[in-house]
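J.: let me see the structure of the following:
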Amino acid sequence: MKTAIVHDWFAGYAGSERVVESLTNIWRDADVFVLFNLLNEEEQRIVVKDKIPKTSFLQNRRSIRKNHRKYLPLFPYAIEQFDLSGYDLIISSSHAVAKGVLTNANQLHINYCHTPIRYAWDLTHQYLRESGLSHGIRGTIAKSILHYLRMWDAAASNRVDHFIANSNYIAKRIKKIYGRDSTVIYPPVDTDKFKLELNKEDYYLTASRLVPYKRIDVIAEAFSKMSGKRLIIIGEGPEAEKIKLKSGANVKFLGYQPREKLREYMQKAKAFVFAAEEDFGIMMIEALSCGTPVIAFNKGGASETIIENETGVLFNRQSPEEIVEAVNKFESRQSFNPVKLNEYAKQFDRKIFEEKIRAFVEDKCREFFDKTDG
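T.: Predicted structure coming up:
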């Protein structure tokens, strides 16, 4: 069976690229299609093995590496230019437009949905505000583009035969936005690379790209009110200077850190703090795998993976006051058992993801192609 794997784009080795890594582990002969590929040689080897991803005309745009988001209006058109007519099975991995590839009635299209396009749906107004596009001519143009993108995205969802959601939270969004049912398979986490550490040090950790929706600013503000507690922030991004200006002396910024260094800090942290409303939140599971409990915002993926007083502490509002209260609650509780946290995290291991998604796809292939042959 000739198989194509379609992903939105490769901009770095992040959560969605790890899903593609597992897909190419399973379907090694599959061809891989992306709008553009910005991976370095080592990252590409990990994600697509010995394959060379097939890219769109966007790959040749000079500024695609500096600011690929400015090409957003072209993404729907670009994804539709891939000719997949020679393939039997199409597996798309999508947080934007990959689900919109053109297929025919004799092809089976299964989509692993990381999220419906956030900036076109539930984050539209936040995106416009943060980009300074709420008003004026540029704002009107941006709103028109997002309106078009919503219409295209809703129509493109009908090109998918079966949806897989990366969490129950995303399954609800798929149902609300596309009116489609989906099967939940949590994304892969390399738990074996995040070894259990029993000896913790006296600091809290948060790590993320420093962008508004991650709410690192709220975490930093909360710890600035608790001068006796140390917070380490790992990551870089456009919000960095703004957050630093509002942070106390007990908040330490380390900027970008290699994966190995991040892992060391995660292993020795007292707790990992997470304030975003995330689709799943792989870093929380990596922390648990290290035996490090999690203090997290009780929405999105965290509400499914963090169990109150068993794997961490949850708070209900993205505010400094709620985080302060959650930290105090965490410290007043008897210590969490690192071994139990590590055992709990193993249910999200990459091997389990690959077993589940292989079984799902094979089942749907039998069902679809038996009917087609009949």
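J.: all contacts plus neighbour counts: C-alpha atoms, from now on.
T.: Will do.
J.: which stretches of the stretch 101-250 of the chain form helices?
T.: 124-130, 136-156, 168-178, 216-224, 240-245 (DSSP state H, counting those that start in this stretch).
J.: switch those over to CSV; also include mean neighbour count and mean pLDDT.
T.: Below are the helices of the stretch 101-250 of the chain laid out as CSV (neighbours: other CA atoms under 10 Å; pLDDT from 0 to 100):
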stretch, mean neighbour count, mean pLDDT
helix 124-130, 15, 73
helix 136-156, 15, 89
helix 168-178, 18, 96
helix 216-224, 23, 97
helix 240-245, 14, 93
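J.: of all these, which one is nearest Ala359?
T.: helix 168-178 (19.2 Å; CA to CA).
J.: need the residues that contact the closest one.
T.: 113-116, 154, 157, 164-165, 180-184, 279, 300-301, 304 (CA atoms under 8 Å, 6 or more residues apart in numbering).
J.: now Pro238: how far from Ser319?
T.: 21 Å (CA to CA, to the nearest Å).
J.: in the protein, where is pLDDT below threshold?
T.: For the chain, residues meeting the criterion pLDDT under 70 lie at 130, 372-374.
J.: mind giving me the domain ranges of it?
T.: Listed domain ranges for the chain are 3-188+350-373, 191-348 (source: automatic domain parsing).
J.: show the end-to-end separation of the last one, please.
T.: With CA to CA as the measure, domain 191-348 spans 8 Å from end to end.
J.: burial measure for the closest residue to Arg317 other than its chain neighbours, as a count.
T.: Spatially, and ignoring its direct neighbours in sequence, Arg317 is nearest to Phe297 (6.9 Å; CA to CA, 6 or more residues apart in numbering). Other residues near Phe297 number 26, with proximity taken as other CA atoms under 10 Å.
J.: what do you get for the one 10 residues further on?
T.: Counted with other CA under 10 Å, residues neighbouring Ile307 total 14.
J.: contact partners for it?
T.: Counted by CA under 8 Å, 6+ apart, Ile307 has contacts Val313.
J.: give me the nearest residue to His109, chain neighbours excluded.
T.: Counting by CA to CA, 6+ apart, the residue nearest His109 is Ile90, at 4.7 Å.
J.: hmm, the one you found is touching Leu23, no?
T.: No - using CA atoms under 8 Å as the test, Ile90 is too far from Leu23 to be in contact (11.4 Å).
J.: need phi/psi at Val273.
T.: phi -110, psi 130 (degrees, to the nearest 10).
J.: look up which residues are beta-bridged to it.
T.: Applying DSSP bridges to Val273 yields these beta-bridge partners: Ile295.
J.: what about it, how many neighbours?
T.: So Val273, with other CA under 10 Å, has 28 neighbours.
J.: just read off the phi/psi values of the residue nearest to Phe315 when sequence neighbours are not counted.
T.: Closest residue in space to Phe315, ignoring its immediate chain neighbours: Phe297 at 5.1 Å, by CA to CA, 6+ apart. Reported as degrees, to the nearest 10, the phi and psi values for Phe297 are phi -70, psi 130.
J.: could you check how far Phe297 is from Ile145?
T.: Relative to Ile145, and taking CA to CA, Phe297 is found at 32 Å.
J.: then the helix or strand hosting Glu354 to PDB, C-alphas only?
T.: Using DSSP states H and E, Glu354 sits within helix 350-373. Provided in PDB are the C-alpha atoms of helix 350-373 (Å, rounded to 0.1, in the frame of the first residue of the first chain):
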ATOM      1  CA  ARG A 350       6.400   6.700  22.400                       C
ATOM      2  CA  LYS A 351       6.100   2.900  22.000                       C
ATOM      3  CA  ILE A 352       2.500   3.000  23.300                       C
ATOM      4  CA  PHE A 353       1.600   5.800  20.900                       C
ATOM      5  CA  GLU A 354       3.100   3.800  18.000                       C
ATOM      6  CA  GLU A 355       1.200   0.600  19.000                       C
ATOM      7  CA  LYS A 356      -2.100   2.500  19.200                       C
ATOM      8  CA  ILE A 357      -1.800   4.500  16.000                       C
ATOM      9  CA  ARG A 358      -0.600   1.500  14.000                       C
ATOM     10  CA  ALA A 359      -3.600  -0.500  15.200                       C
ATOM     11  CA  PHE A 360      -6.000   2.300  14.500                       C
ATOM     12  CA  VAL A 361      -4.700   2.900  10.900                       C
ATOM     13  CA  GLU A 362      -4.600  -0.800  10.100                       C
ATOM     14  CA  ASP A 363      -8.100  -1.300  11.400                       C
ATOM     15  CA  LYS A 364      -9.400   1.600   9.200                       C
ATOM     16  CA  CYS A 365      -7.500   0.300   6.200                       C
ATOM     17  CA  ARG A 366      -9.100  -3.100   6.500                       C
ATOM     18  CA  GLU A 367     -12.500  -1.500   6.800                       C
ATOM     19  CA  PHE A 368     -12.000   0.900   3.900                       C
ATOM     20  CA  PHE A 369     -10.200  -1.200   1.300                       C
ATOM     21  CA  ASP A 370     -12.400  -4.300   1.900                       C
ATOM     22  CA  LYS A 371     -15.400  -2.100   1.100                       C
ATOM     23  CA  THR A 372     -13.600  -0.600  -1.900                       C
ATOM     24  CA  ASP A 373     -12.600  -4.000  -3.300                       C
END
